[in-house]
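Q: sequence unknown, structure follows:
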């Protein structure tokens, strides 16, 4: 069984759209592209690089695939570039009919069923980078095993959120955290369903 890990840059108010550059994703008129970059110091970048290097495959939504495919083939001499170019890349898209980035393939059929089969029929770690809309579908169908969230201390107000209306109830355990320059990097591991309790003076739990 493969593990599915989601890695995302997220603002304090939950926005994940276009963290890396002004023109990365202006969908919906988004005007704050590049909001994460000023906060990503060497320690944070090193941690993200280490995480990426351990991946056995990538799972990407269409928009993130197109961003990566336009950039990473130009960085073959970079260790991260070499890793991303060489590893298998599975692309979830309703509109693409072909993918040209080396070692990429389109998922066939319904995305949720295809990802479930991808997890079931193999070993290692599949990582999802960015791909906010895809991540919401994966969360809604309980297919995410681990969240690796780079929390940047900014409020954006508009943009795509990582946790949308379709997100189902679930519990994650904080399995590790680091901080550098005000950025929190939190690792959460899936820990079953949502648990309930009660508190207040009438219950004895204050």
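A: That came through fine. As the structure is a prediction and not an experimental result, all values here were calculated from the model. Residues are numbered from 1 along each chain as shown.

Q: use CA for all of it now, contacts and neighbours both
A: Will do.

Q: can you give me the helices in the chain?
A: Using DSSP state H, the helices found in the chain span residues 42-53, 62-71, 79-86, 111-120, 132-140.

Q: how far out from the middle of the chain is the shortest one?
A: Between the centre of helix 79-86 and the centre of its chain there are 18 Å (C-alpha atoms, centre = their mean, to the nearest Å).

Q: same question for it, mean pLDDT?
A: Helix 79-86 shows an average pLDDT of 95 in the prediction.

Q: what's the angle from it to helix 42-53?
A: Relative orientation of helix 79-86 and helix 42-53, computed by axes from the mean of the first three to the mean of the last three C-alpha atoms, to 10 degrees: 20 degrees.

Q: burial count for residue 29?
A: By other C-alpha atoms under 10 Å, the residues close to residue 29 number 9.

Q: separation between it and residue 155?
A: For residue 29, the distance to residue 155 (C-alpha to C-alpha, to the nearest Å) stands at 17 Å.

Q: out of the helices of the chain, which one sits most buried?
A: When the helices of the chain are scored by mean count of other C-alpha atoms under 10 Å, the highest mean neighbour count falls to helix 132-140 (a mean of 21).

Q: which among the helices of the chain is found nearest to residue 20?
A: Each of the helices of the chain has some distance to residue 20 by C-alpha to C-alpha; the shortest is helix 62-71, at 10.3 Å.

Q: is the closest residue to residue 56 other than its chain neighbours in a bridge, and if so with what?
A: Of all residues not flanking residue 56 in the chain, residue 125 sits nearest, at 5.3 Å (C-alpha to C-alpha, 6 or more residues apart in numbering). Beta-bridge partners of residue 125, counted by DSSP bridges, are residue 3.

Q: the protein: strands as residue ranges?
A: Listed in chain order, the strands of the chain (DSSP state E) span 3-11, 57-61, 89-92, 104-106, 125-129, 146-152, 172-180, 183-190.

Q: now the third one, how far from the centre of its chain.
A: The one in question is strand 89-92. On the basis of C-alpha atoms, centre = their mean, strand 89-92 is displaced by 13 Å from the centre of the chain it belongs to.
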